[in-house]
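Undergrad: Quick one: sequence and predicted model below, then my questions.
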Amino acid sequence: MKTFQVVPKISIMDSAEEFVQTFRLSEEDLIITSSSTWNVYFKEVKAGQVILIRKYGSGEPTDEMVEAIAADIQKPYKRVVAIGGGTVIDVAKLFCLEKVTPVTDLFDHVFPAVKKVPLVIVPTTCGTGSEVTNISILEFKKRHTKFGLADDAIYADDAVLIPQLLEGLPFAVFATSSIDALIHSVESYLSPKATAISESFSLRAARMILTAYKNIEKAGVSRRTEAMKAELKNVLTASAMAGIAFGNAGCGTVHAMSYPLGANYHVPHGEANYAMFTGVFDAYMEYEPAGKIAVLNKELADILECPVEAVYEKIEELLNGSILQKKSLSEYGLPKTELKEFAESVIHNQQRLLGNSYIPMTEEMILTIYEKLF
Ligand SMILES: [Fe+2]
């Protein structure tokens, strides 16, 4: 059986002010956010407890951040409102549960995830799609990798898209987050769990993101921040659509292989995915070129206006020239000898994702891809 569901109510709003009024933020809310967003757009709001994420560490979300926030929460709350990027959202999702800690036990299913209060998510980057999924990903410091908790209890009740909140986004963050969304769209399209419904979300999201990139390319590097602003509504919407697609069909090998690099070398999630993307897709083409990937490549060729054989080359050319330069794995400073540990870690820790791979992956295949990307 394959199913498809979209749980949160999705709203698109013009301004932070409209959001504050519509959702009547109050002293009964636990707000998890970043100081940059809060101070610029919400300073006047009289909220209950405001947790500023960077007090608890930099970079991507960790088990240690969740434990420290849980220890800091002073008062009971009737709703969780997450306003932020991937770190804020992945952490905030857990605080709508009855019991959050020890967070290792929550992720190991020692106790169940049971929803206690409603959750509202407002993304301030355009890539994770986390506002519409039931997944939270944390880095577990002592285990040296990331794990995901996928449970319907952590779905948002409302996802609110406000392009205004992304206007100050540094171009580099726009780049890594939107590349993540692009990869959600193509990985979910190829997943064995995809349905005709999820595929339509995947393809539309890929088209919207690649079209935005083409418009940014046309504007030229000197005007790309302005061009980015003009594309925010489209890319934010596409990111949610890609989130709906991968929330149903899953992500696959690209995500699985990116986790050891992201966790051990502190590479932003979207960038780590981009480092793996064409290596994995080239391997897919080597092993199963005539399957569904042939249909995807035709779609991509149509969007990119290039020959079907050249789609991955063209994506790299577009991204490297105007969005984000791809790096080889050696440029991240890891020794070649570590690739074997990476491959072992993927097989050991990422079976949830490998189950959605276009083709079954062995440790040897994964190691070969890493070596080619080194
Ligand atoms: Fe992702």
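TA: Okay, I see it.

Undergrad: Return the residues in contact with residue 138.
TA: 61-63, 66, 90-91, 103, 107, 146-147, 149 (CB atoms under 8 Å, 6 or more residues apart in numbering). Placement of C-beta: from N, CA and C, glycine included.

Undergrad: try it again with 7 Å
TA: Applying CB atoms under 7 Å, 6 or more residues apart in numbering, one finds that residue 138 lies in contact with 61-63, 66, 90, 103, 107, 146-147.

Undergrad: wait, which of those is closest to residue 335?
TA: residue 146 (21.0 Å; CB to CB).

Undergrad: where along the stretch 1-150 of the chain do the strands fall?
TA: 9-12, 29-33, 49-52, 79-84, 119-123, 135-140, 145-150 (DSSP state E, counting those that start in this stretch).

Undergrad: Give me the neighbour count for the closest residue to residue 288 other than its chain neighbours.
TA: Distances taken as CB to CB, 6 or more residues apart in numbering put residue 359 closest to residue 288, at 5.1 Å, once the chain neighbours are dropped. By the criterion of other CB atoms under 10 Å, residue 359 has 17 neighbours.

Undergrad: What of residue 193?
TA: The burial count for residue 193: 16, using other CB under 10 Å.

Undergrad: Report pLDDT for it.
TA: We have a pLDDT of 96 for residue 193.

Undergrad: Dihedrals phi and psi, it?
TA: phi -90, psi 0 (degrees, to the nearest 10).

Undergrad: who's in contact with it?
TA: 2, 249-250, 356.

Undergrad: a markdown table for the strands of the stretch 1-150 of the chain, including distance to residue 23?
TA: Below are the strands of the stretch 1-150 of the chain laid out as a markdown table (distance: least, CB to CB, whole Å):
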| stretch | distance to residue 23 |
| --- | --- |
| strand 9-12 | 9 |
| strand 29-33 | 9 |
| strand 49-52 | 15 |
| strand 79-84 | 7 |
| strand 119-123 | 6 |
| strand 135-140 | 22 |
| strand 145-150 | 26 |
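
Undergrad: Compare the contacts of residue 138 and tell me which has the most neighbours.
TA: Neighbour max across those (other CB under 10 Å) = residue 90, 28 neighbours.

Undergrad: Residue 314 versus that one, what's the distance?
TA: 32 Å (CB to CB, to the nearest Å).

Undergrad: for the residue nearest to residue 288, helix, strand, or coil?
TA: coil (DSSP: H, G, I helix; E, B strand; the rest coil).

Undergrad: follow-up on the earlier one: need the strands of the stretch 1-150 of the chain in a markdown table (columns: distance to residue 210 and mean pLDDT).
TA: Below are the strands of the stretch 1-150 of the chain laid out as a markdown table (distance: least, CB to CB, whole Å; pLDDT from 0 to 100):
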| stretch | distance to residue 210 | mean pLDDT |
| --- | --- | --- |
| strand 9-12 | 21 | 98 |
| strand 29-33 | 31 | 97 |
| strand 49-52 | 35 | 96 |
| strand 79-84 | 26 | 98 |
| strand 119-123 | 20 | 98 |
| strand 135-140 | 24 | 93 |
| strand 145-150 | 26 | 86 |
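
Undergrad: Highest mean neighbour count out of those strands?
TA: Mean neighbour count (mean count of other CB atoms under 10 Å) peaks for strand 119-123 among the strands of the stretch 1-150 of the chain, with a mean of 27.

Undergrad: how about the strands of the stretch 1-150 of the chain, which one is nearest residue 178?
TA: strand 119-123 (12.0 Å).

Undergrad: Nothing else from me, thank you.
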